[in-house]
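Novice: Provide a 3D model corresponding to the input given below.
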Amino acid sequence: MPPSRPDRARGHLLIPSLVAAAGALLLIHQWQWGRMLWLDEEMIAINLRDRSFAQLAGRLELGQAAPYGWLAAQRAVFLAFGPDERALRALPLAFGVALLAVAVWVGRRWMTRSGAITLTFLCAAGQWVSFHALELKHYSADTCFGLLLPALAVWALEEDRLLAWWIAAAVAQWFSNGALFVAPVCALVVVVASGNKVKAALPGLIWLASFVANYVLTLGPARSSEFLQHFWANAFPPPGSGPLATIAWAFAQISPLALKPIGSGFGVWFWVAAGAGFWLARRTSPVFRSVFALVPLSGIVWAAVRLVPMFERLSLWIVPALYVGVALAADAASAMVARPMQSRRGAAAVAGAIAWCALAVLLGDVAIRGATYVAIDAPIANHDVDDRGAVRWLARQRQPGDVWVTTHNALPAIWWYANDDAPAFEVALESDPDGCGALELGETLRRAGATRALVYLGFGHHVPPAFDDVLVARLGSLGRVAGYNRVGENSHALAVDLRDAATGPITLGELGSPGHPSVGAAAGCINVSPASRW
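Specialist: Numbering: from 1, shown residues only. Have a look, this model is predicted:
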């Protein structure tokens, strides 16, 4: 058992529990808004809707990958409750709330009151930790197991329950990639710190068997995906990098990761605070400090050997360990302040007070960023697009002979929120006239027998600034704009009747989107092709 602490008997659990309860209620409140899905969520939702439990194993469509257990649980939710956004996000929400409960337990068992409050506060206030607890992705499970599995490893050593830890790790990898990524360093600590290393390592065969099955069903197909390899290529060191170049690359990731997904604007100083906590909190179990300190280091190693991308949401699994480091720094600072202000110890108390002031600034920054997200950004769809409102507005006007026209990254919105059998076409701006296909937009639509084009301009990532007005102008020369609706900041829906006299070249601003600047004419053409899943 961990050594007793003087503040553990009374009040040690109360404040962290209140912080966790407040964080959980805030998550539930945001979850009740039922915010529309956005691109990444739509793509995983399409797989959940269109694939059976068996088909969820193997390579998924639309460049998606997720642990099979998580996918199966989400498929069951879909079958039971349908496509409602709240229902689909219930499991991510549950993992987000579970993270707060785990933080309370970790703080109560291994930290003083200051550390317990700090850890729970960070888990509740962290901007991207809370954001991904409300997103239809498995990332909230990554943060939950990123905290739980290392803590369980220390608990298993203290309670001589090593078999229980190996079983937990074997099961967790089916619901969380983060659980898989933290398991090796946890296992290393379990075996090294155990008195009987053979006894400690032998149950690892359970985890290994689970890993092999997991690799065959999900990890292997994901690693062999050329789409995913290309998409995440920038999240690894450049190919052929030597040791020094790799170290330089890893160091360059520290500040961006501090901002996202850690949720701090202090860059390397957040990492310094966590490292100081691991080093200075000597009253805390060295095994506990070691296992959590190794988690972010292992993330750098996995990226260096090109196994696990190091990028924003994909690195969420290391965030709780860094929060633990900062919480331990709070413990260490509080211990220094609490020492009597005697001549020999006055300097330590002053240093502790200064450290606490620095930590207060650090925590305040995290809180402000988290609060700003909740107050301003959370009610709005990601990237200020409203796929649900725009696509459903168009779908309500559907007539025989209609076809969908949209961009590559907006196709999942059509496939998810319209979910009909009308043909869909993908359009893109080709600035080089020599690159234009044999069939331009009007001819393609005529050959498809289209009487109207239902056009959605939504998620504009990788779309040239001139594209919207070039496309709208071309459509206006093909028929009459029978309806237009701007939904949110960046979602534009048009119905163009190809049977009527042409409206003439027109811009979104002229259609009723005064905040949308006209970019004028652009060279080239609109390339169009039948939409297909990737």
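Novice: so for the longest helix seen in the chain, what's the average pLDDT?
Specialist: For the chain, the helix that runs over the most residues, judged by DSSP state H, is helix 346-372. Mean pLDDT, computed over helix 346-372, is 86.
Novice: Give me the next element, helix or strand, following that helix.
Specialist: Scanning forward in sequence from helix 346-372 by DSSP states H and E, the next helix or strand is helix 387-395.
Novice: Just the CA trace of that next one, in PDB.
Specialist: The C-alpha coordinates for helix 387-395 follow below in PDB (Å, rounded to 0.1, in the frame of the first residue of the first chain):
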ATOM      1  CA  ASP A 387     -23.300  19.600 -42.800                       C
ATOM      2  CA  ARG A 388     -26.500  18.500 -41.100                       C
ATOM      3  CA  GLY A 389     -28.500  21.600 -41.700                       C
ATOM      4  CA  ALA A 390     -27.300  22.200 -45.200                       C
ATOM      5  CA  VAL A 391     -27.600  18.700 -46.500                       C
ATOM      6  CA  ARG A 392     -30.900  18.000 -44.900                       C
ATOM      7  CA  TRP A 393     -32.200  21.300 -46.400                       C
ATOM      8  CA  LEU A 394     -31.300  20.100 -49.800                       C
ATOM      9  CA  ALA A 395     -32.600  16.600 -49.200                       C
END
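Novice: what's it packed up against?
Specialist: With contacts taken as 3 or more Cβ pairs under 8 Å, 6 or more residues apart in numbering; DSSP states H and E, helix 387-395 sits against helix 411-413, strand 452-457, strand 480-487, strand 491-497. In short, each C-beta sits where N, CA and C put it, glycine included.
Novice: again, only this time at 10 Å
Specialist: If you count contacts as 3 or more Cβ pairs under 10 Å, 6 or more residues apart in numbering; DSSP states H and E, helix 387-395 packs onto helix 39-50, strand 402-406, helix 411-413, strand 452-457, strand 480-487, strand 491-497.
Novice: Output the contacting helices and strands for the first one.
Specialist: In this structure, helix 39-50 packs against helix 68-81, helix 85-88, helix 387-395, helix 411-413, with contacts taken as 3+ Cβ pairs under 10 Å, 6+ apart.
Novice: Please point out which parts of that helix sit buried.
Specialist: 39, 40, 41, 42, 43, 44, 45, 46, 47, 48, 49 (16 or more other Cβ atoms under 10 Å).
Novice: hang on, the earlier thing: now the helices and strands packed on helix 387-395 as JSON lines including mean pLDDT?
Specialist: JSON lines is the format used below for the helices and strands packed on helix 387-395 (pLDDT from 0 to 100):
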{"stretch": "helix 39-50", "mean pLDDT": "96"}
{"stretch": "strand 402-406", "mean pLDDT": "94"}
{"stretch": "helix 411-413", "mean pLDDT": "95"}
{"stretch": "strand 452-457", "mean pLDDT": "94"}
{"stretch": "strand 480-487", "mean pLDDT": "90"}
{"stretch": "strand 491-497", "mean pLDDT": "92"}
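Novice: With residue 298 as the reference, name the closest of the ones you listed.
Specialist: Judged by Cβ to Cβ, the one of the helices and strands packed on helix 387-395 that comes nearest to residue 298 is helix 39-50, at 25.4 Å.
Novice: Could you pull out the helices in the stretch 1-150 of the chain for me?
Specialist: 14-32, 39-50, 68-81, 85-88, 90-110, 113-125, 127-132, 139-159 (DSSP state H, counting those that start in this stretch).
Novice: I am finished for the moment; much appreciated.
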